[in-house]
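Chemist: below are the sequence and a predicted model for it; my questions follow.
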Amino acid sequence: MKIVKSTRFDDVDHDVGYEYRGCNYEIQNEEDVFLIRIYDDEPGQATVVRPTSMSKNGNLRKLVEFLQSELGISKINLYKGDLGSYAKIDLNSLAFCSV
């Protein structure tokens, strides 16, 4: 597993009232490519943007371990389809945390 690309993003619209800043990472593991987003105001937390079906991906454990060791991540959010938004997972069981 390796980081193949990292880019800064600054999504800002003061008229609408939002400001999102951080870094996007493309991480590759053989044929799988993952898009990870880390926001500046949430250090240690990552969101797996793509693939959206990551909770069922066989490489989730590898990705979690990579994010922890390489980027110092301690909280990970995955897309939860039945919720229609992102939710935190338990890094040991890889299951979605209870609300």
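Modeler: Yep, it's here.
Chemist: use CA for all of it now, contacts and neighbours both
Modeler: Will do.
Chemist: so where's the chain uncertain?
Modeler: For the chain, applying pLDDT under 70 flags the ranges 99.
Chemist: what are the phi and psi angles of the most far-flung residue of it relative to its centre?
Modeler: The C-alpha centroid of the chain is most remote from Asp15, which lies 27.3 Å away (C-alpha atoms, centre = their mean). Note on Asp15: its backbone torsions stand at phi -60, psi -40 [degrees, to the nearest 10].
Chemist: how far away is Glu65 from Gly58?
Modeler: 13 Å (C-alpha to C-alpha, to the nearest Å).
Chemist: buried set for stretch 67-80?
Modeler: Across stretch 67-80, burial judged by 16 or more other C-alpha atoms under 10 Å covers Leu67, Gln68, Ile73, Lys75, Ile76, Asn77, Leu78, Tyr79, Lys80.
Chemist: so Ser55 sits against Leu78, correct?
Modeler: Yes: taking contacts as C-alpha atoms under 8 Å, Ser55 lies within contact range of Leu78: 6.7 Å.
Chemist: helix or strand for Tyr86, just tell me which one.
Modeler: Tyr86 is part of strand 85-89 when elements are defined by DSSP states H and E.
Chemist: other residues contacting that strand?
Modeler: For strand 85-89, contacts defined as C-alpha atoms under 8 Å, 6 or more residues apart in numbering pick out Thr47, Lys75, Ile76, Asn77, Leu78, Tyr79, Lys80, Ala95, Phe96, Cys97.
Chemist: list the buried residues for that strand?
Modeler: Neighbour counts using 16+ other C-alpha under 10 Å place Tyr86, Ala87, Lys88, Ile89 of strand 85-89 among the buried residues.
Chemist: and the gap between the closest residue to Leu71 other than its chain neighbours and Asn77?
Modeler: Sequence neighbours aside, Gly44 is the residue nearest to Leu71 in space, at 7.8 Å (criterion: C-alpha to C-alpha, 6 or more residues apart in numbering). With distances taken as C-alpha to C-alpha, Gly44 is found 11 Å from Asn77.
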